[in-house]
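1. Take a look and give me a structure for this.
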Amino acid sequence: MIDPQRIWSSPQLPTLPDVAAKLLALSKNPQTETKDVVEAIMLDRAIAAKILRSTNSSYFGLRSEITSIERAVPILGTTVASSLALGFSLADSSTNAGPLSDWFSSYWLRSVVQGVTAELLGENMDHGLECDYFLAGLLTDLGHLAMLKVLGEEYVPVLQAADDEHRELCVVEQDRLGFDHVEIGTQLMRNWQLPEILISSAELHHTSLERIAEQKSEPHFDLIAAVAAASAVGDYFCSQNNGLALSRLQALSTEFLAFHESDVEEFLRNAQTRIDEAGEMLSADTDELGDPNDLHTEAKEQLAQFHLREHAVGSPDASHASFPQHDQRTLEASTLIPPSHALHDPLTKIYNRTFFDEALKNELNRCSRDAKTVGIVFCDIDQFKRLNDTFGRQFGDHVLERVASACGKVIRKTDVLARYGGEEFVLLAIHPTENGLDKICERIRACVESEEIFSETIRVPVTVSLGAAFAIPSRDNEGLAERLITAAGEATLDSKRNGRNQVHVRSLLSDMQKRLRQMVNERRFSRWLVDREILDIPAVSRALSEHRAEHVRIGESACQLGLLTEEQVDEIVSRQTGSNDRFGEIAVQMKFLSEENLAMLLALQQEDPAVLADALVRLNLLDRNTANNFATEYRNLVMPIGMHGHTVPTQAS
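-> I've put the predicted structure just below:
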């Protein structure tokens, strides 16, 4: 146990910056004028410059450049400007180049996730007060920052245990320290004389649904509920426990935020788009966040495992049914979480081969439905037997641990890393391109090569050889897992035969698949908008996150466009019986469609121009007439001859 007084007496305790203190004082004065806020911000030229740069970022989406802080503050509003100033101050406090840098970065990324998510909820709950929600979410885990700064490396085992044991951080903190970051954070906020509503929302963000429900009569209940939900989103994106985080988010959102359960996945997707924009503005590395679709699937699978484990232990009573409740979180390490050895390699702590085989099977099934790529990477430690023979088996185990750790540092969060056996690791890469797969491999190779691995005082060079393969599953993907593994293994042998410490990638795509992928990407409406500099990539990405067109089959779309008759569709479907080929491929083989026709149909299937135009209008990125005109111009310019004059199939109005 640690005496909490040690924290309060430490010179490392975060302090409220002068500019933030001045702005908070001004915010309490109803007579405050814009010029007073401008003068306070100008006390810190660095923060003033960051606020001005933020004003012109895609996050705020202003149409003309703002060139002075005097203009920026009235446009943003004094509350927004003050919140940004405090946010930049916290970002500076979270900068650490020492051994704890990753932990500080993780804290700050989670804070930005929570701030942006709370703001997004505030837009629907308290329109006009979104900035209060942003600030509340940003400050929620302030105690985490204080404990990192004061306790330093003593705090790391607590953070690590929460990850490894799949337990809530507050529970582990109470067990090991006798207090938690919520207590420290709320007291620090009181010391800073922050508004009581910010303190209350931070105090309740980890508590049970019952206790949150008790606050319904409070005037700021919406903010309390939003911050609790934002905290669950922080756990979803930034912790190892995204299954239980999703369960808690669904319970909070249906109980207090008027969400339907089906709304949660779309909300998470929209949130990540905003988080990416805010991350660039607030210096948070959002590359660590996974793709919302993959995370959602992973979370549902994790919850299914929890349920299976619970069923194996015995039927739960009614109180166990709501996983998100604070009182039930301690069950995770016992009845809800499968034993670690069932999923993880005991030495390296990454996934084992059994888990990898099941993950590959599930991913092949998903990609078979969606016609998306699956990639496999093998990573083999060079001369591992010689390392064992020269330095001993204990050193060999150390090398395995370090290589696994190095791989984990540079892969995407959506990818699955496992120990395949002996000195061989394997990676399941989600929806890679050939170039992207090569980059993943090269990052792994370079990271391992740069590791400082010592046997006593001697640095021992360690390198790896990598081989990768990727494919698009057919309608019946039987045998594809074996072909991918074989191809990746052969590519690894190529790397070893050619001198080791290198990368080889093999594509299992057919020539037609390669051509179609390139043509589809070139014909997508979003690509067309960016190529013509109508919108930039962040703006288009925001609109794509809102793109929700009903899936239209290629045959149906081709008939609506006059490219196929119903009789031809029947012929293609008949030919498809007993074949692994997809509808469009058979249509090309039968010369009913050209490859150019098929590429455009696939591009329309992925992105309906009318639906994407509607999203651009909803996000105020384009006005209605402009969006419709661009959609029409796109159809006229990009569609192959034979499609003009027909209406693009759409579910949008």
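2. Not counting its neighbours along the chain, what's nearest Val505?
-> Ala468 (4.5 Å; Cβ to Cβ, 6 or more residues apart in numbering). C-beta here means a position set from N, CA and C on the backbone, and glycine is covered the same way.
3. Quick check: the one you found touching Asn435?
-> No: when contacts are counted by Cβ atoms under 8 Å, Ala468 is not listed as touching Asn435 (11.5 Å).
4. Counting neighbours around each, name which of the two comes out higher.
-> The residue with more neighbours, out of Ala468 and Asn435, is Ala468; 28 against 8, by other Cβ atoms under 10 Å.
5. For beta bridges, what are the partners of that one?
-> Following DSSP bridges, Ala468 is listed with bridge partners Val377, Val505.
6. Can you tell me, leaving aside adjacent residues, what's nearest to Glu442?
-> Spatially, and ignoring its direct neighbours in sequence, Glu442 is nearest to Val503 (5.7 Å; Cβ to Cβ, 6+ apart).
7. Count the neighbours of that neighbour for me.
-> By the criterion of other Cβ under 10 Å, Val503 has 25 neighbours.
8. State the distance from it to Gly178.
-> Separation of Val503 from Gly178 (Cβ to Cβ, to the nearest Å) stands at 49 Å.
9. on that earlier part again, give the contact list for the residue nearest to Val505.
-> By Cβ atoms under 8 Å, 6 or more residues apart in numbering, the residues touching Ala468 are 375-378, 429, 437-438, 440-441, 488, 491, 503-506.
10. and if you look at Arg506?
-> Arg506 is in contact with 467-470, 487-488, 490-491, counting by Cβ under 8 Å, 6+ apart.
11. ditto for Leu364
-> By Cβ under 8 Å, 6+ apart, the contact set of Leu364 is 374, 473, 477, 480-481.
12. swap in Arg419?
-> 345, 347-348, 350-353, 400, 404, 425-426.
13. Can you tell me which of these are buried?
-> Among the contacts of Arg419, those buried by neighbour count (16 or more other Cβ atoms under 10 Å) are 345, 348, 350-352, 400, 404, 425-426.
14. would you list every one of the strands in the stretch 51-200 of the chain?
-> For the stretch 51-200 of the chain, no strands are identified by DSSP state E, counting those that start in this stretch.
15. which residue ranges form the helices in it?
-> Counting by DSSP state H, counting those that start in this stretch, the stretch 51-200 of the chain has helices at residues 69-76, 78-93, 101-125, 130-139, 142-151, 156-164, 169-177, 181-191, 196-204.
16. Mean pLDDT, distance to Glu266 and mean neighbour count added to those helices, as TSV?
-> Formatted as TSV, the helices of the stretch 51-200 of the chain follow (pLDDT from 0 to 100; distance: least, Cβ to Cβ, whole Å; neighbours: other Cβ atoms under 10 Å):
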stretch	mean pLDDT	distance to Glu266	mean neighbour count
helix 69-76	74	28	18
helix 78-93	70	26	22
helix 101-125	84	12	23
helix 130-139	80	19	26
helix 142-151	87	29	23
helix 156-164	82	28	16
helix 169-177	85	28	19
helix 181-191	89	30	20
helix 196-204	87	25	21
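17. Minimum distance to Gln513: which of the ones you listed has it?
-> Nearest to Gln513 among the helices of the stretch 51-200 of the chain is helix 101-125; the distance by Cβ to Cβ comes to 36.4 Å.
18. ok, back up a step: the residue nearest to Glu442 is in contact with Arg443, isn't it?
-> No: the criterion here is Cβ under 8 Å, and Val503 misses it with Arg443 at 9.9 Å.
19. before we move on, back to that, need the max-distance pair from the contacts of Arg506.
-> Going by Cβ to Cβ, the pair spanning the contacts of Arg506 furthest: Phe470 and Glu490, at 13.7 Å.
20. re earlier: can you flag which of the contacts of Arg419 belong to strands?
-> 425-426 (DSSP state E).
21. Any chance of TSV for the contacts of Arg419, columns pLDDT and distance to Phe104?
-> Listed next are those as TSV, based on pLDDT from 0 to 100; distance: Cβ to Cβ, whole Å:
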residue	pLDDT	distance to Phe104
Asp345	88	29
Leu347	93	29
Thr348	93	25
Ile350	91	24
Tyr351	89	27
Asn352	90	31
Arg353	90	35
Leu400	96	28
Ala404	95	23
Phe425	97	28
Val426	97	32
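22. of all the contacts of Arg419, which comes closest to Leu121?
-> Tyr351 (33.8 Å).
23. Give me the pLDDT for the closest residue to that closest one other than its chain neighbours.
-> Nearest-residue entry for Tyr351: Ala418, 3.9 Å, with adjacent residues in sequence omitted and distances by Cβ to Cβ, 6+ apart. At Ala418, the predicted lDDT confidence score is 94.
24. Specify the local secondary structure of Ala418.
-> Recorded secondary structure, Ala418: strand (DSSP: H, G, I helix; E, B strand; the rest coil).
25. contacting residues around it?
-> By Cβ under 8 Å, 6+ apart, the contact set of Ala418 is 345, 350-353, 355-356, 359, 425-428.
26. pLDDT below threshold where in the stretch 501-650 of the chain?
-> For the stretch 501-650 of the chain, the stretches flagged by pLDDT under 70 are 545-551, 638-650.
27. what about the helices in it?
-> 511-523, 525-531, 537-545, 554-560, 566-576, 583-589, 595-606, 609-618, 624-638.
28. Near Pro603, how many residues? Count them for me, please.
-> For the record, residue 603 is Ala, not Pro. Residues lying near Ala603 (other Cβ under 10 Å) number 23.
29. Wait, it touches Gln518, no?
-> No: at 11.5 Å, Ala603 does not count as touching Gln518 under the criterion of Cβ under 8 Å.
30. Mind listing the shared neighbours of the two?
-> Common neighbours of Ala603 and Gln518 (Cβ under 8 Å, 6+ apart) do not exist.
31. what does the model give the residue nearest to Val505 for pLDDT?
-> pLDDT, Ala468: 97.
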